[in-house]
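Colleague: need a 3D model of the sequence below.
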Amino acid sequence: MAAPSSEIVRSEDKIDRAELEQAFSLFTEASRQLVESYQELEQKVSSLTDELAVANGALRQQFEEKAALSGRLEALLAALPGGVVELDDAEQVITMNPAAVEILGLQLIGKNWREAIQEGLVPTSVDSDWLFTADSGQEKRLSIVTSQLASGERILLIHDLSESWRLRRQLEQHKRLAAMGEMAAGLAHQLRTPLATALLYTANLAKPQLGETERVKFGQKSLARLRHLETLIQNMLQFVRGQQALLEPVELRAVMEEALQIVQPQDTSNTRTWQLVLPEVEVWIEANRKELTGALVNVLENALQATGAGDQIALSLAREGSSWQIVICDSGCGMPESVRERLFEPFFTTRKEGTGLGLAIVRNLITAYGGDIDVNSAPGEGARFTILLPAKE
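Modeller: Reported below is the predicted structural model:
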């Protein structure tokens, strides 16, 4: 019975050894694969480490560049002579440069712009200009321009215009004084000739041997010169006084028709062609009817004196944006550039009997109505006067 038992043990030893060898072989293969995987992982880690180092270097360089750019921008912002204020979408002041603090006299970071300062700004006739009273009591004229950002924030650019505005007002005052001096000189020149002529005619009236017929003739001539002086003085007063009459709603088509009816009969030879083009609808503006009619008569009379037989004088009215445009054009002699540039100057005239105040008064009047007048002309090509007057809806 002992022999079979020994064979069974040896058979089990053989199975265990085979399984062990197979297991060892599998372990060896797994170890090899593990080593290879570890080596590949090491290579990938090394590669990723290199890439990360490169990326970190690039990021560091970008950060340094952005930091340098930020530093330059901060330096530029601090050096700007104009004020810069940044507001968030809730009107809170985020940043403001030193110039803004100096201009406003206030540090507003973290405060609400509207509550802190905007209510103290007084608007002027210029859209972007404001009057601001600092804590010191000094009144400043500021230009505030707003730029809206896509994020909802706003950038305010602030400039102190106080000094330039003061210098501008001084310059305007000097110009007015110079204009008054020129006016006085021109008026003296305009008054001297008719006054001397009137004195001469009046002196002749004192001659005892003068006949009744001659006395009447000299009296009429003296009276004509004195009336010319009166007209000149009235024009001068009207020019200096400017437009002071009360404004009223005026139907512009009727004014133009009236002006044409006044001037056209002066074409006694009836050799000119007159044309009037008006819209079918009523045209209303704010003006003084009498003064405006006189202004149009003045321009039409200039056209009449600049034209001759066979020439045309056209008067038209059309809408131009928020204004009505009056055009008075003629096909007369025209004028050179040197005359056109000075046409609206007081006491400038190319006619012997002219006072040089007619068109100056017209420009003052049109400007007082909030309008504008311009002229285009060239020698031999006639003249075109364009008058713009604000429409009254």
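Colleague: next, the buried residues of stretch 157-167.
Modeller: Neighbour counts over stretch 157-167 (16 or more other C-beta atoms under 10 Å) mark 157, 158, 159, 160, 161, 162 as buried. In short, each C-beta sits where N, CA and C put it, glycine included.
Colleague: turn the residues you listed into a markdown table, including secondary structure and pLDDT.
Modeller: Listed next are the buried residues of stretch 157-167 as a markdown table, based on DSSP: H, G, I helix; E, B strand; the rest coil; pLDDT from 0 to 100:
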| residue | secondary structure | pLDDT |
| --- | --- | --- |
| 157 | strand | 89 |
| 158 | strand | 89 |
| 159 | strand | 86 |
| 160 | strand | 87 |
| 161 | coil | 87 |
| 162 | helix | 85 |
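Colleague: which one of these is nearest residue 304?
Modeller: residue 161 (46.9 Å; C-beta to C-beta).
Colleague: residues in contact with the closest one?
Modeller: 129, 141, 142, 143 (C-beta atoms under 8 Å, 6 or more residues apart in numbering).
Colleague: quick check: the gap between residue 294 and residue 234.
Modeller: Computed as C-beta to C-beta, to the nearest Å, the residue 294 to residue 234 distance reads 12 Å.
Colleague: which one of the two is surrounded by more residues?
Modeller: Set residue 294 next to residue 234 and count neighbours by other C-beta atoms under 10 Å: residue 294 wins out with 17 against 12.
Colleague: roughly how far does that one sit from residue 361?
Modeller: Taking C-beta to C-beta, one finds residue 294 at 8 Å from residue 361.
Colleague: what's the longest helix in the protein?
Modeller: Ranked by number of residues, the top helix in the chain under DSSP state H is helix 2-79.
Colleague: show me what the helix or strand following that helix is packed against.
Modeller: Where DSSP states H and E defines the elements, the next helix or strand beyond helix 2-79 is strand 83-87. Counting contacts by 3 or more C-beta pairs under 8 Å, 6 or more residues apart in numbering; DSSP states H and E, strand 83-87 packs against strand 93-96, helix 98-104, strand 154-160.
Colleague: which one of the ones you listed lies nearest to residue 68?
Modeller: Of all the helices and strands packed on strand 83-87, strand 93-96 comes closest under C-beta to C-beta, at 19.0 Å.
Colleague: avg pLDDT for that closest one?
Modeller: Across strand 93-96, pLDDT averages out at 88.
Colleague: same question, stretch 323-339
Modeller: 91.
Colleague: ok, residues contacting that stretch?
Modeller: 252, 256, 283, 285, 296, 299-300, 303, 306-308, 311-319, 343, 350, 371, 377-391.
Colleague: got the end-to-end distance for it?
Modeller: Its first and final residues considered, stretch 323-339 spans 28 Å by C-alpha to C-alpha, to the nearest Å.
Colleague: which parts of it are buried?
Modeller: 323, 324, 325, 326, 328, 329, 330, 331, 332, 333, 334, 335.
Colleague: what's the burial count for residue 92?
Modeller: Number of residues near residue 92 (other C-beta under 10 Å) recorded here: 17.
Colleague: likewise for the one 5 residues further on?
Modeller: Neighbourhood size, residue 97 [other C-beta under 10 Å]: 21.
Colleague: state the phi and psi torsions of it.
Modeller: Dihedral pair for residue 97: phi -80, psi 170, per degrees, to the nearest 10.
Colleague: how much space separates it from residue 85?
Modeller: 8 Å.
Colleague: so where do the strands sit in this structure?
Modeller: For the chain, the strands defined by DSSP state E cover 83-87, 93-96, 122-123, 129-133, 139-148, 154-160, 248-251, 273-277, 284-287, 312-320, 323-330, 372-377, 383-390.
Colleague: what helices or strands is the shortest one leaning on?
Modeller: Contacting strand 122-123 under the criterion 3+ C-beta pairs under 8 Å, 6+ apart are the following elements: strand 129-133.
Colleague: quick check: mean pLDDT across the strand it packs on?
Modeller: Taken as a whole, strand 129-133 has an average pLDDT of 86.
Colleague: what about it, distance to the chain center?
Modeller: Computed by C-alpha atoms, centre = their mean, to the nearest Å, the chain-centroid distance of strand 129-133 equals 19 Å.
Colleague: again with stretch 140-148
Modeller: Put simply, stretch 140-148 sits 14 Å off its chain's centre (C-alpha atoms, centre = their mean).
Colleague: what mean pLDDT does that stretch have?
Modeller: Averaged across stretch 140-148, pLDDT comes to 88.
Colleague: restrict it to CA atoms and write it as CSV.
Modeller: C-alpha atoms of stretch 140-148 as CSV (Å, rounded to 0.1, in the frame of the first residue of the first chain):
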residue,chain,number,x,y,z
LYS,A,140,-13.7,126.7,-13.3
ARG,A,141,-14.8,126.0,-16.8
LEU,A,142,-14.3,122.3,-17.5
SER,A,143,-14.6,120.1,-20.6
ILE,A,144,-15.9,116.7,-19.7
VAL,A,145,-16.0,114.1,-22.5
THR,A,146,-17.4,110.6,-21.8
SER,A,147,-16.3,107.3,-23.4
GLN,A,148,-18.5,104.2,-22.9
